[in-house]
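K.L.:
okay, structure incoming, though there's no sequence with it:
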């Protein structure tokens, strides 16, 4: 579907070009290695048609306030691009507690902005040149951009016809471009196998500091894969934390080391369990193959946490196209002992523990998304925002002093390992398969 077709949305009295005798459409050739994946193309008109039925008085109608697949927003993240808060619930698909929801449903008919305006907005995105997108490529795939924007609006319970600039930026400058990149990585991965061969899912790693929005990004990408008919699984390094018993043993073995007193740093994960899980999940290549994905309960033992009961783990079924694996320290490389001791003497043991993490995590990852921040101190501000939001909702949260203590246990690792991650890439990664996205204090790419 081309721009000429879609522009009738902003001028519905105009005769559609496909109803005229001369309906020539613009065709372009890509001048870049990157290609959009069109085999999973979704017609936007089916989406727009369903919208128009809900309120014929509007040009395209309001978004419904209740969806059969309502948006579930990951908990614990204060997002300035979202608006009014709603209720939260548990998403049965990934087994994580999600919430709160944010809704901005208008009470007056929505005005449909020009598709040309949306096209211009997309083309002004900060990731366009990094991903080698051209205006011609956006023109050729504009139906997909609109459809994906619609899916994300429904997911986050936003009116797609009344998105604010920050909301549009989050969708069209961030989530959707990254989704196209992931599709391209999957295409490259699958092209390496011959017809008839079993193709393991592509494991895409997301390395990003706490609070910067990686869980929400993964949540949005997973939804886009699912609604376009592809099976994916999500997993976090959090799911591989030691049990409460194992964490207590680690604390006893490292008396006085604040970095290993609680979960978080290298050494507080069950690496054997990681290998077992990641090996099994990459074997979900056939119909009917299933497994349960581990989950971690951070609220157990008064916040010290424990592995969730296996009966609560979500089940995932093959064949999987991709595994979205996220974590704050994915790709960290061990550094010379003398260097880490200068950062923080307590980091020496953590650095030694990190030596075993490549074989447990990083070697399974073929494509990487690294979310880069300017200053690790942002982590404190983001965590504070999340806690203030929880307090405003009447939920228990950490005090300001507890937040400082919590973040202080991660800052030595950030200060030591982030510079190398940003300059050399994740441990063992292929530079041609790493996407680095720089974000500002509002968590937006620039």
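P.N.:
Arrived safely. Source: prediction; values computed, not measured.
K.L.:
where does the prediction get shaky in this protein?
P.N.:
1-113, 390, 395-397 (pLDDT under 70).
K.L.:
where along it do the strands fall?
P.N.:
84-85, 89-90, 97-98, 102-103, 202-207, 232-236, 290-292, 296-297, 306-307, 315-317, 322-327, 367-372, 434-438 (DSSP state E).
K.L.:
of these, flag the one that's most buried.
P.N.:
strand 202-207 (a mean of 25; mean count of other Cβ atoms under 10 Å). No exception for glycine: its C-beta is placed from N, CA and C like everyone else's.
K.L.:
report the angle between that one and strand 434-438.
P.N.:
Relative orientation of strand 202-207 versus strand 434-438 (axes from the mean of the first three to the mean of the last three Cα atoms, to 10 degrees): 30 degrees.
K.L.:
who does strand 202-207 pair up with?
P.N.:
strand 322-327 (parallel), strand 367-372 (parallel) (DSSP bridges).
K.L.:
out of those, flag the one nearest residue 272.
P.N.:
strand 322-327 (17.1 Å; Cβ to Cβ).
K.L.:
okay, the angle between the closest one and strand 232-236?
P.N.:
10 degrees.
K.L.:
list the contacts of stretch 359-369.
P.N.:
178, 181-182, 185, 189, 202-208, 237, 269, 271-272, 274-275, 278, 282, 325, 327, 330-331, 425-430, 433-435, 437 (Cβ atoms under 8 Å, 6 or more residues apart in numbering).
K.L.:
list the buried residues in it.
P.N.:
360, 361, 362, 364, 365, 366, 367, 368, 369 (16 or more other Cβ atoms under 10 Å).
K.L.:
please report how far the fourth one lies from residue 389.
P.N.:
This points to residue 364. 34 Å (Cβ to Cβ, to the nearest Å).
K.L.:
also residue 224?
P.N.:
Taking Cβ to Cβ, one finds residue 224 at 25 Å from residue 389.
K.L.:
if you count what's nearby, which of those two comes out ahead?
P.N.:
residue 224 (23 against 18; other Cβ atoms under 10 Å).
K.L.:
picking up where we left off before, residue 128: which of the strands of the chain is closest?
P.N.:
strand 434-438 (12.6 Å).
K.L.:
would you pull up how far that closest one lies from the middle of the chain?
P.N.:
13 Å (Cα atoms, centre = their mean, to the nearest Å).
K.L.:
which residues does that strand contact?
P.N.:
By Cβ under 8 Å, 6+ apart, strand 434-438 touches 127, 130-131, 174, 178, 181, 367-374, 422, 425-426, 445-446.
K.L.:
now the strands paired with strand 202-207 in TSV, with distance to residue 381?
P.N.:
Converted to TSV, these look like this (distance: least, Cβ to Cβ, whole Å):
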stretch	distance to residue 381
strand 322-327	21
strand 367-372	16
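K.L.:
and residue 145, which of those strands is closest to it?
P.N.:
Closest among those, using Cβ to Cβ: strand 367-372, at 19.6 Å.
K.L.:
out of the buried residues of stretch 359-369, who's nearest residue 416?
P.N.:
residue 362 (16.9 Å).
K.L.:
count of neighbours near residue 271?
P.N.:
Around residue 271 there are 17 residues (other Cβ under 10 Å).
K.L.:
so residue 122 sits against residue 138, correct?
P.N.:
Yes - assessed by Cβ atoms under 8 Å, residue 122 is found in contact with residue 138 at 5.5 Å.
K.L.:
now the common contact residues for those two.
P.N.:
Shared contacts of residue 122 and residue 138 (Cβ under 8 Å, 6+ apart): residue 145.
K.L.:
residue 402: how many residues sit nearby?
P.N.:
So residue 402, with other Cβ under 10 Å, has 12 neighbours.
K.L.:
against residue 408, how distant is it?
P.N.:
Taken as Cβ to Cβ, the span from residue 402 to residue 408 is 11 Å.
K.L.:
now do residue 263
P.N.:
15 Å.
K.L.:
looking at these two, which is more packed in?
P.N.:
residue 263 (21 against 12).
K.L.:
which residue is the nearest non-sequential neighbour of residue 316?
P.N.:
residue 233 (4.5 Å; Cβ to Cβ, 6 or more residues apart in numbering).
K.L.:
wait, that neighbour sits on residue 326?
P.N.:
No - applying Cβ under 8 Å as the test, residue 233 and residue 326 come out as separate, 11.7 Å apart.
K.L.:
quick one, what contacts residue 423?
P.N.:
Applying Cβ under 8 Å, 6+ apart, no residues contact residue 423.
K.L.:
contact partners for the residue nearest to residue 206 when sequence neighbours are not counted?
P.N.:
Distances taken as Cβ to Cβ, 6+ apart place residue 326 nearest to residue 206, at 3.9 Å, with adjacent residues excluded. By Cβ under 8 Å, 6+ apart, the residues touching residue 326 are 205, 206, 207, 208, 214, 215, 218, 234, 235, 236, 237.
K.L.:
for those residues, which one is nearest residue 350?
P.N.:
Out of those, the member with the shortest distance to residue 350 (by Cβ to Cβ) is residue 237, at 14.3 Å.
K.L.:
what about that closest one, neighbour count?
P.N.:
22.
K.L.:
and it, how far is that from residue 332?
P.N.:
Residue 237 is 11 Å from residue 332, by Cβ to Cβ.
K.L.:
also residue 141?
P.N.:
Applying Cβ to Cβ to residue 141 and residue 332 gives a distance of 35 Å.
K.L.:
okay, the two: which has more neighbours?
P.N.:
Neighbour comparison, residue 141 and residue 332: the larger count goes to residue 332, with 27 against 22 (by other Cβ under 10 Å).
K.L.:
wait, the more buried one touches residue 351, no?
P.N.:
No - if you go by Cβ under 8 Å, residue 332 and residue 351 don't touch, sitting 9.4 Å apart.
K.L.:
shared neighbours of those two, anything?
P.N.:
residue 266.
K.L.:
isn't residue 373 right next to residue 207, touching?
P.N.:
No - contact between residue 373 and residue 207 fails when scored by Cβ under 8 Å: they sit 11.3 Å apart.
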